[in-house]
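S.K.: got a predicted structure here, sequence first:
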Amino acid sequence: MTIGVPVSLPPLVEPAAELTVDEVRRYSRHLIIPDVGMAGQKRLKNAKVLAVGAGGLGSPALMYLAAAGVGTLGIVEFDEVDESNLQRQIIHSQADIGRPKAVSAMETVQGINPYVQVNIHDERLDSSNVMELFSQYDLIVDGTDNFATRYLVNDACVLLGKPYVWGSIYRFDGQASVFWSEHGPCYRCLYPEPPPPGMVPSCAEGGVLGVLCASIGSIQVTEAIKVLTGTGDPLVGRLMIYDALEMTYRQVKVRKDPDCAVCGENPTVTELIDYEAFCGVVSDEAQAAAKDSTITPRQLKDWIDADEKIEIIDVREQNEYEIVSIPGARLIPKNEFLMGSALGDLPQDRRIVLHCKTGVRSAEVLAVLKNAGFADAVHVGGGVIGWVNQIEPEKPVY
């Protein structure tokens, strides 16, 4: 990362022919801003923006893009609304639980601004559809929470020459930037490779302060409006970092990497790749360890009922353990295994049974135990979520 200088860029889209009388009334507070004005609002009307995800970041982004008067909004989202979403995904309501997020988001957007055309793409974004989807839009707003999709979005945008606004949230921290390879760095310039599997917890594992989504999502929309209208200095070549606990914003200025694999002078990534394999949801070691050492929640229940000589170890964090746990499980967080400090506390006369929330973290710990000589250790596929679904459905899930 090196120092760069913010540069004003030309408007991304041409203005629409006109605004209707109703639109003039609706957007009057924009129209009286000299830097936006009639021309800027017409550009927003003519703009086509695709939101990747209608979750924590996608919710405020879609709502404010609609309110701002972006003429065409696309929503690519394949998931359904879950009760745990409502703490932060404000585009959905209690009545939407179980419904497709794309449909719920569309209805909210239409309620905010009936002049916006909404296109639903109720499908999982992957290498087979990303190029065709992205080619229909001027700008992409990325609100995803997994590395495979982030690299997919980045590479597709570079190959298509599209700018995109990126955001990331975790607990009390957020980041945002604008990646546009024609004018600055791309995501790979900042993060050339994904972190090792299991190294960075997801929001589902580590949590996120709900209102943080609004803070970062609003930055994303601000940057989108600036890029579309050619107003101000967008976050091209700059990473904005927000700490909600300290209430501080700081910037890291980033320059285009000439050796970048996708946007550098001699790119090695010239077409889409296998992003799941590139990012490795579970490491090769964990996959190998779990291959013949995975049991079901039902098998674990049978072992408990038969009073088998087992030691159930929960490798989640304390706050997760307090929400829901498997009866008899002892809490030893994953990091204590990675550091090696937990190995001395394990019994030698009982089989170790590991579990986490869904089975990813426990598989990583299982690899550690196998390497340490616990050859008969196993882990629970599906984790505590699988246990609740199959054994104790009256317990809460998160």
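M.R.: On my side now, so go ahead.

S.K.: residue 251 should be in a helix, yeah?
M.R.: No - counting by DSSP: H, G, I helix; E, B strand; the rest coil, residue 251 is not part of a helix but strand.

S.K.: is it true that it touches residue 233?
M.R.: No - using C-beta atoms under 8 Å, residue 251 is not in contact with residue 233; the gap is 11.4 Å. Just so you know, the C-beta spots here come from the backbone N, C-alpha and C atoms, and that holds for glycine as well.

S.K.: pLDDT weak spots in the stretch 151-300 of the chain?
M.R.: Applying pLDDT under 70 to the stretch 151-300 of the chain flags the ranges 197-205, 280-281.

S.K.: that one: strands as residue ranges?
M.R.: For the stretch 151-300 of the chain, applying DSSP state E, counting those that start in this stretch gives strands covering 164-170, 173-179, 238-243, 248-253, 294-295.

S.K.: and the angle for the fourth one with strand 173-179?
M.R.: Right, strand 248-253. 40 degrees (axes from the mean of the first three to the mean of the last three C-alpha atoms, to 10 degrees).

S.K.: center of the protein, which residue is that?
M.R.: In the chain, the residue lying closest to the centroid (C-alpha atoms, centre = their mean) is residue 145, at 1.2 Å.

S.K.: how about the strands of the stretch 151-300 of the chain, which one is nearest residue 35?
M.R.: Across the strands of the stretch 151-300 of the chain, residue 35 has its closest neighbour in strand 173-179 (17.5 Å, C-beta to C-beta).

S.K.: outside of that closest one, which residues touch it?
M.R.: Outside of strand 173-179, the residues within contact range by C-beta atoms under 8 Å, 6 or more residues apart in numbering are 154, 157, 163-169, 184-187, 190, 212, 215-216, 219-220, 223, 227, 234-236, 238-244, 254.

S.K.: restricting to C-alpha, output that strand in PDB.
M.R.: Taking Å, rounded to 0.1, in the frame of the first residue of the first chain, the C-alpha atoms of strand 173-179 are listed here in PDB:
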ATOM      1  CA  ASP A 173     -15.600  -2.300  12.400                       C
ATOM      2  CA  GLY A 174     -16.300  -1.500   8.800                       C
ATOM      3  CA  GLN A 175     -14.500  -0.800   5.600                       C
ATOM      4  CA  ALA A 176     -15.500   0.800   2.200                       C
ATOM      5  CA  SER A 177     -13.800   1.600  -1.100                       C
ATOM      6  CA  VAL A 178     -14.400   2.100  -4.800                       C
ATOM      7  CA  PHE A 179     -12.600  -0.300  -7.000                       C
END
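
S.K.: ok so, going back, so of the strands of the stretch 151-300 of the chain, which one's packed in deepest?
M.R.: strand 164-170 (a mean of 25; mean count of other C-beta atoms under 10 Å).

S.K.: for it, packing partners?
M.R.: strand 139-142, helix 147-160, strand 173-179, helix 203-206, helix 212-229 (3 or more C-beta pairs under 8 Å, 6 or more residues apart in numbering; DSSP states H and E).

S.K.: got the angle for the third one vs helix 147-160?
M.R.: To tie it back to what came earlier, the one meant is strand 173-179. 20 degrees.

S.K.: would TSV of the strands of the stretch 151-300 of the chain with distance to residue 126 be doable?
M.R.: TSV is the format used below for those (distance: least, C-beta to C-beta, whole Å):
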stretch	distance to residue 126
strand 164-170	17
strand 173-179	20
strand 238-243	27
strand 248-253	30
strand 294-295	26
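
S.K.: right, and residue 38 touches residue 17 too?
M.R.: No - taking contacts as C-beta under 8 Å, residue 38 lies outside contact range of residue 17: 11.8 Å.

S.K.: out of these two, which sits in the busier spot?
M.R.: Set residue 38 next to residue 17 and count neighbours by other C-beta atoms under 10 Å: residue 38 wins out with 14 against 8.

S.K.: with adjacent residues omitted, what lies nearest to the more buried one?
M.R.: residue 31 (5.9 Å; C-beta to C-beta, 6 or more residues apart in numbering).

S.K.: quick one, phi psi at that neighbour?
M.R.: Here is the backbone geometry of residue 31 (degrees, to the nearest 10): phi -60, psi -30.

S.K.: what about it, neighbour count?
M.R.: A total of 18 residues lie near residue 31 under the criterion other C-beta under 10 Å.

S.K.: next one: residue 338
M.R.: Residues lying near residue 338 (other C-beta under 10 Å) number 15.

S.K.: can you pull the contacts of it?
M.R.: Taking C-beta under 8 Å, 6+ apart, one finds 364, 365, 368 in contact with residue 338.

S.K.: what about these, which are in helices?
M.R.: With helices taken from DSSP state H, the overlap with these comprises 364, 365, 368.

S.K.: the first one contacts residue 282, correct?
M.R.: Going back to what we said before, that points to residue 364. Yes - counting by C-beta under 8 Å, residue 282 is a contact partner of residue 364 at 7.1 Å.

S.K.: who has more neighbours out of these two?
M.R.: Neighbours of residue 364 and residue 282, each counted by other C-beta under 10 Å, are more numerous for residue 364; the result is 26 against 18.

S.K.: and residue 103, how far from residue 233?
M.R.: Residue 103 sits 37 Å away from residue 233, going by C-beta to C-beta, to the nearest Å.

S.K.: whoops, I mixed them up, residue 270
M.R.: 31 Å.

S.K.: try residue 390
M.R.: According to C-beta to C-beta, residue 390 stands 54 Å off from residue 233.
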